[in-house]
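I'd like to go over a predicted model; first the sequence, then the structure.
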Amino acid sequence: MTAAGSQPHHRQPSTTLVRTANLRSRIDAETLVRLLDEYAADAMGRGQPLSAAARQRIVPNLLELPSARVYLAETEGQATGAAVCFLQYSTFGAFPLLNIHDFMVTASARGRGIGRAFLEAICQDAKSRGCGKVTLEVREDNIVAQRLYRTEAFEECAPHMLFWQRLL
């Protein structure tokens, strides 16, 4: 798959290639963990790196989840983004959907259109898998990400609803 959704692994003029990660590959696994660690440490993440235990468990746990889809973005041969997604099901729409759980572009690569190309490729892949929509959550204070999502036709679908959690 590519940024523009043409033939797999065909480079686009933007030189951003989006592909499904092979988490059984040591290189892809290490790349994913490195990128997620950067994302977690970012102010729009948790503001602190992943724990050593989380770094060790991420890839093995994702490999055990049949609904997990992991994508990597590469620009000019360098890893510039990661997305961890999960196939789910919309009972109201009666179709599968893809939820983007984690989405990040490295700080050094931001502002170059990589996020836009990355989202487009993920959406095209989801459509090819029969998904009726792609969902994501975004922090209320992450205005930069919200601008990107709006330009890519994402919209708030549940106004005034909150994303809650209970840690176990």
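It's in. Residues are numbered from 1 along each chain as shown.

contacts, neighbours, all on C-alpha from now
OK.

any chance you could map the strands in the chain?
Ranges of strands in the chain, per DSSP state E, are 16-20, 68-75, 78-90, 95-105, 133-136.

The most centrally placed residue in the chain: what's it in contact with?
Geometric centre of the chain, nearest residue: residue 83, 2.0 Å, by C-alpha atoms, centre = their mean. Contact partners of residue 83, counting by C-alpha atoms under 8 Å, 6 or more residues apart in numbering, are 70-72, 100-104.

Tell me who's in contact with the residue lying closest to it once chain neighbours are set aside.
Computed as C-alpha to C-alpha, 6 or more residues apart in numbering, the closest residue to residue 83 that is not its neighbour in sequence is residue 103, at 4.4 Å. Going by C-alpha under 8 Å, 6+ apart, residue 103 touches 81-84.

Among those residues, which pair sits farthest apart?
Largest separation among these by C-alpha to C-alpha: 81 and 84, giving 10.4 Å.

Report how many residues lie close to residue 24.
11 (other C-alpha atoms under 10 Å).
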